[in-house]
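>>> here is my input, please return the structure:
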Amino acid sequence: MFNALVLNKTPDFNASVQSVDEDFLPALPAGCAVTVEVDYSTLNYKDALAITNTSPVVRQLPMVAGIDGAGTVIASEHPQWKVGDRVVHNGFGVGETHKGCLAERARLHGDWLVALPEAFSTRQAMAIGTAGYTAMLCVMALERHGTLAEARADGAEVLVTGATGGVGSMAVALLSKLGHQVVAATGKAAEADYLINLGASRVIDRLELTAPGKPLQKERWAAVIDAVGSHTLVNACAQTRYGGAVAACGLAQGFDLPGTVMPFILRGVALLGVDSVMAPLKLRQQAWQRLAQDLDVTLLEAITSEVPLQGAIDAAQRLRAGQVRGRIVVRTHADKA
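Numbers count the residues shown, from 1 in each chain. Have a look, this model is predicted:
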């Protein structure tokens, strides 16, 4: 028997930590299944939506929440993985259509797993989680466009929206470590020192970006990482310099895009969509290796808070309400306290 955070409807939706057995784990095709003893999981915004039932994230019930997990292989039918391997998992519909990692044990498809870099403990991997992995994918997308090299060369500013969130916090830390002048946009003025300590050059009020604005505005940013969407994303595009790029990966303000084509056809701004859920394995491996290379792990404690599995439901409520900064690591085993 092992503990898992189970989402169910009996008859009304509920989320609770329950003791379940091996039969509760999902079946996978022959040669694919890898069973992982999960050391740590984490809470992402999507996890909070699922646990609080405020968006149709979960496609079937009962479901174990948790799109992220890090731990050790305890059984494997997959040729790539053997007992004792340390692995990290992000996305692939886990916690939505496949029982997830907010549990002491998970059964996952071997093709979804990445070998955990030696630089990280399993706890550090979940302090990074999908948020940090997504932030790294955004950085890599901007690098492929060529924008960041130019920005670093001339000291131009790079904007990060939703900066006190998980993706935003990690993006600020990564861009700063890579030598960029980072401007952090947040609605939490009291968190300015937190963002400066992560490496932000300066902090602006998100209200500068959240309201409807002109199709073209003063050119301010060489590049942008946006986790907010809606008017914030539109204004970020309208303020991006000629030839710059915006990496979009989130929708905290909304999934609408109430703008015009003006920044794209008059300034050559590129809007780069970044998906972390179904990203191919090679790209995932590159992102985790870059995180091991480019992330200052000493900052993780400042970014991270920790809760036990029993505390994940309350923490999800706070995350959904915008009352959390940085990352929440979930300790799945009580004996790891």
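>>> residues in contact with the nearest residue to Y242 once chain neighbours are set aside?
With sequence-adjacent residues excluded and distances taken as CB to CB, 6 or more residues apart in numbering, Y242 is closest to R267, at 4.7 Å. Every C-beta, even on glycine, is put in place using the N, C-alpha and C of the backbone. R267 sits next to L216, E219, T240, R241, Y242, G243, G244 when contact means CB atoms under 8 Å, 6 or more residues apart in numbering.
>>> V139 too?
Counting by CB under 8 Å, 6+ apart, V139 touches L148, A171, L174, L175, L178, I225, A247, R290, D294.
>>> now, which of those residues lie within strands?
I225, A247 (DSSP state E).
>>> spatially, which two of the contacts of V139 are the most separated?
Pairwise distances across the contacts of V139 (CB to CB) peak at 15.7 Å, for the pair A247 and D294.
>>> which of the contacts of R267 are buried?
Listed as buried from the contacts of R267 are E219, T240, R241, G244; burial here means 16 or more other CB atoms under 10 Å.
>>> okay if I get the residues you listed as a markdown table plus pLDDT, distance to L300 and secondary structure?
Below are these laid out as a markdown table (pLDDT from 0 to 100; distance: CB to CB, whole Å; DSSP: H, G, I helix; E, B strand; the rest coil):
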| residue | pLDDT | distance to L300 | secondary structure |
| --- | --- | --- | --- |
| E219 | 98 | 34 | coil |
| T240 | 98 | 30 | strand |
| R241 | 97 | 32 | strand |
| G244 | 98 | 30 | strand |
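>>> would you reformat the residues you listed as CSV and include distance to A115?
As requested, the buried ones among the contacts of R267 are exported to CSV (distance: CB to CB, whole Å):
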residue, distance to A115
E219, 42
T240, 36
R241, 39
G244, 35
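>>> for S230, what are phi and psi?
The phi and psi values for S230, taken as degrees, to the nearest 10, are phi 50, psi -140.
>>> my read: it touches P258, true?
Yes: using CB atoms under 8 Å, S230 makes contact with P258 at a distance of 6.8 Å.
>>> and those two? which has more neighbours close in?
More crowded of S230 and P258, by other CB atoms under 10 Å: S230, with 20 against 10.
>>> neighbours of the spatially closest residue to that one that is not a sequence neighbour, how many?
Nearest residue to S230 in three dimensions, chain neighbours excluded: G254, at 3.5 Å (CB to CB, 6+ apart). Burial measure for G254: 13 neighbouring residues, criterion other CB under 10 Å.
>>> what's across from G254 in the sheet?
G229 (DSSP bridges).
>>> okay, the most centrally placed residue in the chain and T240: tell me how far apart.
Residue closest to the mean C-alpha point of the chain, counted by CA atoms, centre = their mean, is A131 at 1.8 Å. Using CB to CB, to the nearest Å, A131 is found at 23 Å from T240.
>>> what of G31?
Distance of G31 to T240, given as CB to CB: 47 Å.
>>> hey, where'd the helices end up in this structure?
Here the chain has its helices, by DSSP state H, at 45-52, 122-145, 147-154, 166-177, 192-198, 207-210, 230-238, 262-266, 281-294, 300-303, 312-320.
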